[in-house]
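*Asks:* Pasted the sequence and its predicted model underneath.
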There are 2 protein chains.
Amino acid sequence: MDLERYLAEKTELVNRGLKDLLAGQDEYPRSLHNAMHYSLFAGGKRLRPVLALASCEAVGGRTEDALNAACAFECVHTYSLIHDDLPAIDNDDLRRGRPTCHKAFGEAAAILAGDALLTAAFEIMARTPLDDRERVLRAILDLSRAAGSTGMIGGQMVDIESEGKEVPFPALEYIHIRKTGALILSAVRCGAILGGADEEKLKGLTRYGEAVGLAFQIADDILDVEGSAEALGKATGGDEKKGKATYPALLGLVESKKRAKELVDRALSAIDGFDGSADPLRAVARYIVARNK
Amino acid sequence: MDLERYLAEKTELVNRGLKDLLAGQDEYPRSLHNAMHYSLFAGGKRLRPVLALASCEAVGGRTEDALNAACAFECVHTYSLIHDDLPAIDNDDLRRGRPTCHKAFGEAAAILAGDALLTAAFEIMARTPLDDRERVLRAILDLSRAAGSTGMIGGQMVDIESEGKEVPFPALEYIHIRKTGALILSAVRCGAILGGADEEKLKGLTRYGEAVGLAFQIADDILDVEGSAEALGKATGGDEKKGKATYPALLGLVESKKRAKELVDRALSAIDGFDGSADPLRAVARYIVARNK
């Protein structure tokens, strides 16, 4: 399959979806909506939406069943980046090659734009045009748990508290699985839930999502050491400077790469029994550790 | 009816509900959950939950149908206070007689605790144990719109941008209706939706909610001028110091009080056709402008 083309098509679909679904937000107050759109349309990879759509496809669902969820995951991801970049948290000036939201719009607008994007995610989820309302509620519940205090935000909190400290390996895994992995896993799960997966397929996709979620963060850690600042759109070496707990810092680059590859294998074997409609998921799993940004 | 007793009973119910619904959050990371609980159990009036429960009752619904929503509204309200108090926004040190969340736990923890409470609100809503799933989704949609960029957050944004500027009356109304009114209105509406209100009753309660929502913020403005710092648990006169747009500043105290009373009358007449089960809503409408904190 042609992954590049698949990614381009789905990205286009998601960008159009986001514009449609947030259309009412072209209104007043402009400053707030400008800040939201600035960060939302900054050229992100749309990985989480693609995973939601590909997962829905892999269980035989229709694209439109998971499109709202796909857009909602991008809103949650973008909000988390805006808040993480704030001076009180990671204090980053650059994101995707442009000034971060608070650098461009001020801190107050950035806090509120993040809040509004998180809120919009749930609005968009609730507007899913699917007759089976139970599936929609189940997806909302999955997303809220993944993004909440024992998921993404919990991981972010422990990440901050661990800065500059010696972090044992289990704590590093805790951070990675929650800070990044939880939302990626939930995107995969929600696509499957909305697409009407049976429990066995959902179980397989859950194992797939856990593996690619952790692999993605390990690859991110590696890119922060080895990647090109130009391709990434931000300075590399930031993790080491901030004393962040990372896989390369704890295990070294060679061992980190080995683990990332093992996780991709684990992801692939978790969806072994799926037919060709899961090929996009297979290609994305390989891409996650091969990407350069 | 004995309003004091009614408020005490419902507050107890909501506090127990919040503890039960957030029980899984007693876990790691403790610092994050401590910050969330610190602000959530700081002795708030629980006005939004009480309105949701009273509204459900007024349309013949069962308390348990609206209890999750009641708790969710308190989570959203608390998150909005935590973020509003941040240095980059209102920069307040004191709330309900205690240090604000960021003063007690640091800015990063306060930002994340607010994010986590907003996320928890949607988790709690999605867990509503009601067979009619469409009602639950309709309530989630109502809450998300009320709390979003054209509701509460929009009002907050315009409020910040208006500080120290001359604000025309329509802009002041825009701020008040959204910053405070939207969430109060949605609490009333969600209680009714979950309680199974027909469209006519929902329409009446919407007019009720609009009126008490605006009346509440006008009363707040008045308390900031005339109230006792001891009863309020925070310094008074803050609005004037910050150059905030308020009803007393634009219309004077006498006219502001007249408007607040007119809104209470409008709220009462909107639910004129309801029977005695709407008495708690009637008592709360009167209390909103008569309270001293």
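*Replies:* Perfect, thanks for sending it. Numbering: from 1, shown residues only, chains lettered A, B, ... in the order given.
*Asks:* Could you list the buried residues of the helix ranked longest in chain A?
*Replies:* As assigned by DSSP state H, the longest helix anywhere in chain A is helix A:199-226. Across helix A:199-226, burial judged by 16 or more other Cβ atoms under 10 Å in any protein chain shown covers A:201-202, A:204-225. C-beta: built from backbone N, CA, C; applies to glycine.
*Asks:* other SSEs contacting it?
*Replies:* helix A:47-58, helix A:169-176, helix A:182-194, helix A:238-241, helix A:247-251, helix A:253-270, helix A:279-290 (3 or more Cβ pairs under 8 Å, 6 or more residues apart in numbering or on different chains; DSSP states H and E).
*Asks:* Where does pLDDT dip in the stretch 101-250 of chain A?
*Replies:* Within the stretch 101-250 of chain A, the set of residues satisfying pLDDT under 70 is empty.
*Asks:* How about the residues of it by chain B?
*Replies:* Counting by Cβ under 8 Å from any Cβ of the partner chain, the residues of the stretch 101-250 of chain A close to chain B are A:106-109, A:111-112, A:114-116, A:118-120, A:122-123, A:125-127, A:133-134, A:136-137, A:140-141, A:144-145, A:147-150, A:153-154, A:156-158, A:160-161.
*Asks:* show me the contacts for residue A:195.
*Replies:* A:55-62, A:65-66 (Cβ atoms under 8 Å, 6 or more residues apart in numbering or on different chains).
*Asks:* Just read off the phi/psi values of it.
*Replies:* phi -80, psi 0 (degrees, to the nearest 10).
*Asks:* next one: the one 3 residues further on
*Replies:* Phi and psi for residue A:198, reported as degrees, to the nearest 10, are phi -80, psi 170.
*Asks:* Identify the spatial nearest neighbour of it, chain neighbours not counted.
*Replies:* Nearest in space to residue A:198, with sequence neighbours left out and distances taken as Cβ to Cβ, 6 or more residues apart in numbering or on different chains, is residue A:59 at 8.0 Å.
*Asks:* can you count the residues close to that neighbour?
*Replies:* By other Cβ atoms under 10 Å in any protein chain shown, the residues close to residue A:59 number 22.
*Asks:* okay, now residue A:276: neighbour count?
*Replies:* Close neighbours of residue A:276, defined as other Cβ under 10 Å, add up to 9.
*Asks:* Please name the residues that touch it.
*Replies:* Residue A:276 touches nothing, counting by Cβ under 8 Å, 6+ apart.
*Asks:* any idea how far residue B:119 is from it?
*Replies:* For residue A:276, the distance to residue B:119 equals 36 Å [Cβ to Cβ, to the nearest Å].
*Asks:* returning to what we had before: quick one: which of the contacts of residue A:195 is most hemmed in?
*Replies:* Going by other Cβ under 10 Å, residue A:55 tops the contacts of residue A:195 with 33 neighbours.
*Asks:* what sits against it?
*Replies:* Contacts of residue A:55 by Cβ under 8 Å, 6+ apart are A:66, A:187-192, A:195, A:205, A:209, A:281.
*Asks:* Find the nearest non-adjacent residue to it, please.
*Replies:* residue A:191 is the one closest to residue A:55 (Cβ to Cβ, 6+ apart), at 3.2 Å.
*Asks:* sorry, back to before: from the contacts of residue A:55, which is closest to chain B?
*Replies:* Within these, distances to chain B taken as Cβ to the nearest Cβ reach their minimum at residue A:190, with 12.2 Å.
*Asks:* Which residue is the nearest non-sequential neighbour of that closest one?
*Replies:* Per Cβ to Cβ, 6+ apart, closest to residue A:190 is residue A:139, 4.3 Å.
*Asks:* Likewise for residue A:180?
*Replies:* Going by Cβ to Cβ, 6+ apart, residue A:180 has residue A:217 as its nearest residue, at 4.1 Å.
*Asks:* Distance of the closest residue to residue A:176 other than its chain neighbours relative to residue A:237?
*Replies:* Once flanking residues are discounted, residue A:176 sits nearest to residue A:217: 4.3 Å by Cβ to Cβ, 6+ apart. For residue A:217, the distance to residue A:237 (Cβ to Cβ) stands at 17 Å.
*Asks:* circling back: could you pull up the residues touching the residue nearest to residue A:198?
*Replies:* A:191-192, A:195-198, A:201, A:205.
*Asks:* what's the burial count for residue A:37?
*Replies:* 18.
*Asks:* Look at it and give its secondary structure.
*Replies:* Counting by DSSP: H, G, I helix; E, B strand; the rest coil, the backbone at residue A:37 sits in helix.
*Asks:* With the one 5 residues further on instead?
*Replies:* When the structure is reduced to helix, strand and coil (three-state DSSP), residue A:42 reads as coil.
*Asks:* Make sure residue A:128 is indeed in a strand.
*Replies:* No - counting by three-state DSSP, residue A:128 falls outside a strand, being coil.
*Asks:* Not counting its neighbours along the chain, what's nearest residue A:72?
*Replies:* residue A:121 (4.1 Å).
*Asks:* one step back: from the contacts of residue A:195, which is closest to chain B?
*Replies:* Among the contacts of residue A:195, and counting by Cβ to the nearest Cβ, the member closest to chain B is residue A:65, at 14.9 Å.
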